[in-house]
Every structure is written in structure tokens, then in C-alpha cells.
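**Q** With the input below, show me the fold.
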Amino acid sequence: MRSTLVRRTVLTASAVSLALLATACGSDKADTKGDAKPDPRPSAPSAPAAKGKTDAELAGLLVTQAEVPDYVVNAQAAAKLSKVDENQLTTDKPACKVLVQTQALQKIGKPTGVARTALGAKPKEPAAGASPEEKLEAVKNALGTTVTATGLSSYDGQGAQETLAAFKTAGQICAGGFSSTSEGETTKYESVAAGPAVTAGDEAVSLSLGIDLEGGDKGTLLLVMARKGGTIASFSSISLLGKADSPTALIDAQVKKLG
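**A** Numbers count the residues shown, from 1 in each chain. As a prediction, the model looks like this:
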């Protein structure tokens, strides 16, 4: 049976797809000599620990419709996706939980702030004077559009580095698959492998997860984490037709906006 979490993910894709259908229709060294005189100047203060951003600050850093014109933004869809009780979410391999948390845009660790949105790649509109069959094909293509839930999370200190490291480690530990349970329903992830290459930000990790859906259907979920300073940009991409495309342009635009 398809779990509650996956069902929410697919419903998010559906919500954005409907929106798409509407649219388509160097320092100096100190002198260490023994007879050197002490420097009377006060020593420079150490660099302050990295300070994370707030919810409001991150909300202003989410990509906008104008910044990604080839996408349609639907913030309400992401808000619905993120409503998963983290206390009811478990995985048979504890290290794999971070992957499901990324899929659901949950808080990972102790972020100082979070922000979320959802976007779908804008499909091609049917040509002027298109036949009914061509218009129907355009609708099918829109429903198969890859939808990407995007989240920003900011951390104090080394929190962002630690979060990305946990995500990277999960990609290795969970390669043979794992299962998660949410609200009493279980989802089987058959595999975890490296996803399409991503070079955005200070460091980035891309993973491709194979999902066992209800009725014997299979799906592919793409997860990406990119870090810029103390902020993590996470991307969870899925298609109603099962195979998601890498949202490269979206990732680049979002991470670039982080500075």
C-alpha cells in the first residue's frame, strides 16, 4: 500500500500539475624571536560563530516566479506536503531517516529557520489551432511534469555541514534500500544511488531513490542537498508518471540566490 507520506508527495505533484495546466492552457606571521617586544595593541577578536537565519529571512530567499520563469510556483502544495508528524515517522535503518525527512521537507536537526515552496517545470502549450488529440496530449504531458518541493534550512555553527554530511552518509548506508513508516503505513525504498551531478553552492549531494508504489508500480524520487554557508537548500523531485527529471535550472537559481 502506498504510504501516507508518498501519497502526500504525489498529491503535491497533482496540485502543482493542476496549476501547470491552468498556465499551459592572507595574514602576516608573528615575530617569534625571543627578544621580540610584546605588541601593545589588543589582539583581534576571534571570528564569531556562524549565525543561522530566521524563518522570515529564509522566506525572502526562496526563488520567485520571476526568477524561474520556466517553472510554476505553488507554495500551498509544499505546505501540505510538510505536514507530517515527525514523531510518527520511523525507518528500519535510523541513518536513512534523513532521506525521508528531506522528501517531506521536515526539519532536520535544529535549524534556526525554515522556508518551503513547490515548483513544477512549465510544460509546452499546444500550438494554436491544435486538434483535440493534440490538446489531450498536452494535458498528459502536463500531468507528467516533474514537481520539485524546495526547502531552505539555516543553522548556527556547523549545523549545515553536519546535516549535509548525514545526508551524504545515508546515501551510502541505505544503498541497498530501506523502509519507512508514517501514520501506520509503510513505504519501501528499493534502492538509493547517486543522482545527476550537482555542483551548486559550497558543496552538494544528489541522490536517486527507487520507490515501490502501490499496485506494483515503481517510481523514482530525486533528492538534492546543496549548502551555501550555514544554509541548506533541499530539493525533492517527483513525477506522477514515475520518473522525475533533474531540476538543474531551479537548483542553480535557488542556490545562487543564497549569495
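
**Q** What pLDDT does the model give the spatially closest residue to D212 that is not a sequence neighbour?
**A** Leaving aside its sequence neighbours, D212 sits nearest to K188 (Cβ to Cβ, 6 or more residues apart in numbering; 4.2 Å). (Glycine included, C-beta is placed from N, CA and C.) Here, the pLDDT recorded for K188 equals 91.

**Q** i'd like the first residue to be 16 from this point on
**A** Got it, first residue is 16 now, which makes that one K203.

**Q** Contacts only, for K203.
**A** Shown in contact with K203 (Cβ atoms under 8 Å, 6 or more residues apart in numbering): 192, 194, 226-227.

**Q** Can you name the next helix or strand after the helix or strand of the chain with the lowest mean pLDDT?
**A** One helix or strand of the chain scores below all others by mean pLDDT, DSSP states H and E: helix 19-39, with a mean of 55. Where DSSP states H and E defines the elements, the next helix or strand beyond helix 19-39 is helix 70-74.

**Q** So which elements touch the next helix or strand after that next one?
**A** Going down the chain from helix 70-74, the next helix or strand is strand 86-88, by DSSP H and E. Applying 3 or more Cβ pairs under 8 Å, 6 or more residues apart in numbering; DSSP states H and E, we find strand 86-88 packed against helix 19-39, strand 128-136.

**Q** Could you check how far the helix or strand following strand 86-88 is from the centre of its chain?
**A** Reading on from strand 86-88 to the C-terminus, the next helix or strand found by DSSP H and E is helix 90-96. Mean-position distance between helix 90-96 and its chain equals 13 Å (Cα atoms, centre = their mean, to the nearest Å).

**Q** Please apply the same query to stretch 242-259.
**A** So, by Cα atoms, centre = their mean, the centroid of stretch 242-259 is 3 Å from its chain's centroid.

**Q** Tell me the buried residues in it?
**A** Residues 242-255, 259 are the ones in stretch 242-259 that count as buried (16 or more other Cβ atoms under 10 Å).

**Q** Look up phi and psi at A175.
**A** As for A175, its main-chain torsions (degrees, to the nearest 10) stand at phi -70, psi -40.

**Q** If you tally nearby residues, what's the number for it?
**A** As a burial measure, A175 scores 26 neighbours (other Cβ atoms under 10 Å).

**Q** Test my guess that it contacts I247.
**A** Yes - here A175 reaches I247: they are 5.2 Å apart, a contact under Cβ atoms under 8 Å.

**Q** Common neighbours of these two, please.
**A** With Cβ under 8 Å, 6+ apart, A175 and I247 have common neighbours 168-169.

**Q** Most neighbours of all the contacts of K203, which one?
**A** I226 (22 neighbours).

**Q** a strand runs through that one, doesn't it?
**A** Yes - assessed by DSSP: H, G, I helix; E, B strand; the rest coil, I226 belongs to a strand.

**Q** and it, what is it in contact with?
**A** Applying Cβ under 8 Å, 6+ apart, the residues near I226 are 21, 202-205, 233-236.

**Q** If I look at it, what pLDDT would I see?
**A** On the pLDDT scale, I226 is placed at 88.
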